[in-house]
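Trainee: sequence and predicted model, in that order:
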Amino acid sequence: MNIAFMGTPDFAVPSLELLIKEFGVKAVFTQPDRPKGRGKKLAMSPVKEVAMQNNIPVYQPLKIRNDEESMTVLKNLDLDFIIVVAFGQILPKKILDIPKYGCINLHGSLLPKYRGAAPIQWSVINGETLAGNTTMLMDVGLDTGDMLLTNKVEVTPDMTSGELYEILKVTGADLLINTINELAQGNIKPKKQDDSKSSYASMLNKDIAKINWNLSAQKIHNLIRGLNPWPIATTSYGDLTMKIYKSHVENVNSEKVPGTIISVDKNGIKVATEEGVLVIEKLQFPNGKPLFVEQFINGNKIDIGTILK
């Protein structure tokens, strides 16, 4: 089986490692090295690191659609499959047409819901109780290709997007291997996506991190879960920015203005919302570490009655 792999972040690593083990990989394509950390030193992608450890040729086109070297390499490999996992570039038709069985993409949602860059995070933010991966035959659109196989994962009430990400990157690797085997044997009938049921999961940014206390406690809790580990939900405590890492919901209503701190104890900071009470369990202030409230109040004061904004 001749396979080329395209991927970049750590989400793609289990898939690449399992493909190497099961079939071997002829070439790896990943994003160019980027400046990283405070020193802004050039750092290779997690996928590149794995490829180099396994002595697999690595190609890093800035834009693969215009890269003649990439086209030549891909054409000369006599490929059965191109496997794509979070590569970060859209492939043109001239590349999609190269492999015998097509280009397969692993996407971290149950398509057609949550097409786009941040499906796992938006699944949690929107309070989904079921998430998963989908493998699909790629076309020129963004996550619009015919679906092949799926696997489903229960999203528990307090699960963060980071925790769901860790589950899906591992189960997705198994799904890919299964998809390749079944497709090569002719056992899968590709299924068209129902565009009327599609939704788009836009890339996250820090602008969506600000908590609106006029929402329900459940919606705020889902936002906090969905933005952990990045960019982390925030609110203003006086002049200070408070980051909130962990919370839970109490289904009791308060007469207080939404955002008002009702009580503070070792179990958390209770805050009034439009519907229900949100209990902040873990927080961080500027120049401090993330701490559970029980740790934080052992030496710091949170004023009851303060309105978070």
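Mentor: Here it is on my side, so go on.

Trainee: can you give the contact residues for stretch 155-165?
Mentor: 11, 108, 120-121, 123-125, 128-131, 153, 225-229, 246, 248 (Cβ atoms under 8 Å, 6 or more residues apart in numbering). Every residue, glycine included, has its C-beta placed from N, CA and C.

Trainee: for stretch 99-106, same thing?
Mentor: Counting by Cβ under 8 Å, 6+ apart, 4, 15, 79-85, 91, 95-96, 133-138, 143, 145, 148, 172, 175-176, 179-180, 183-184 sit against stretch 99-106.

Trainee: spell out for me which residue occupies the centre of this protein.
Mentor: Central residue check for the chain by Cα atoms, centre = their mean: the C-alpha nearest the mean position is that of Ile120, 4.4 Å away.

Trainee: quick check: that residue touching Gly108?
Mentor: Yes: between Ile120 and Gly108 there is a contact at 4.9 Å, judged by Cβ atoms under 8 Å.

Trainee: residues shared between the contacts of these two?
Mentor: Joint contacts of Ile120 and Gly108 (Cβ under 8 Å, 6+ apart) are 131, 165, 168.

Trainee: quick one: which of the contacts of stretch 99-106 sit in strands?
Mentor: 4, 81-85, 133-137, 148 (DSSP state E).

Trainee: so how far is the helix ranked longest in the chain off the chain centroid?
Mentor: Secondary structure of the chain per DSSP state H: the longest helix is helix 161-184. Distance, stretch centre to chain centre, for helix 161-184: 14 Å (Cα atoms, centre = their mean, to the nearest Å).

Trainee: who does whichever helix or strand comes after it touch, helix- and strand-wise?
Mentor: Next helix or strand after helix 161-184 toward the C-terminus (DSSP states H and E): strand 200-201. The contact analysis (3 or more Cβ pairs under 8 Å, 6 or more residues apart in numbering; DSSP states H and E) places strand 200-201 against strand 115-116, helix 119-125.
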